[in-house]
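Chemist: Provided below for reference: sequence and predicted model.
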Amino acid sequence: MEKPTQIPDLLIGADTVVEHDGDILEKPDDADMARSMLSRLSGGQHHVHTGVVIILPKAKDASGTAPYIKTFASTTTVQFDSLGSEVIDEYIKSGEPFGKAGSYGIQGIAGSFVKGIDGCFFNVMGFPVHRFAVELAALVKQGKLPMNDRRNLYLACMQGRMAQLTEHSVRDAEYQRSAACEV
């Protein structure tokens, strides 16, 4: 006997790209592509863009049609240190650049390449947690997302706390990076 399909209250989709001088740097296909991307990012500034879609299958839009769809994008500016070819080659050997937009993950070894960021640290990791929490809280307040699920209430209540955690995490990461790099 087949179980009835339950429609979820919330669906989330997101994708992140790195943009440098107007060019989109997606995930590298091979070591040569990773080397090229990292060389371009070396010593400069680039942008990390994440597009997010929130779909509420049970809610209706302004015209009275379901589903309700909310989209937003988040951008973070990242400043890379200058990277020598030996550093780039060793980083590529680690395997970390593969599967990552722009050939790097700020949460890994490449975090040491980052001199600073302007924007959301978690956006660079691939999901803008604070902005998502703000958007989710607004949907709850508008009555678009039901509060009959304890998880929805928890997420809405945590919105303010996530903002504080995001701010502290970035500040702590910047302090740790600067302390580790001082000679």
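Modeler: Good, I have the coordinates.
Chemist: Correct me if wrong: residue 17 contacts residue 27.
Modeler: No - with contact defined as CB atoms under 8 Å, residue 17 and residue 27 do not form a contacting pair (9.4 Å). Just so you know, the C-beta spots here come from the backbone N, C-alpha and C atoms, and that holds for glycine as well.
Chemist: Buried by neighbour count: which residues of stretch 64-82 qualify?
Modeler: Across stretch 64-82, burial judged by 16 or more other CB atoms under 10 Å covers 68, 70, 74, 76, 78, 80.
Chemist: Show me what the fourth one is bridged to.
Modeler: The reference is to residue 76. Beta-bridge partners recorded for residue 76 (DSSP bridges): residue 48.
Chemist: which stretches of this protein have low pLDDT?
Modeler: Applying pLDDT under 70 to the chain flags residues 1-4, 147-183.
Chemist: if you set the cut-off to 90 instead, what comes out?
Modeler: Where the chain drops to pLDDT under 90, the residues are 1-10, 58, 62, 133, 136-183.
Chemist: ranges for the helices of it?
Modeler: Assigned by DSSP state H, the helices in the chain fall at 31-41, 85-93, 121-125, 129-141, 150-181.
Chemist: Just give the number of residues close to residue 116.
Modeler: 14 (other CB atoms under 10 Å).
Chemist: before we move on, what about residue 132?
Modeler: Number of residues near residue 132 (other CB under 10 Å) recorded here: 23.
Chemist: ok, it touching residue 51?
Modeler: No - taking contacts as CB under 8 Å, residue 132 lies outside contact range of residue 51: 12.0 Å.
Chemist: No more questions from me, cheers.
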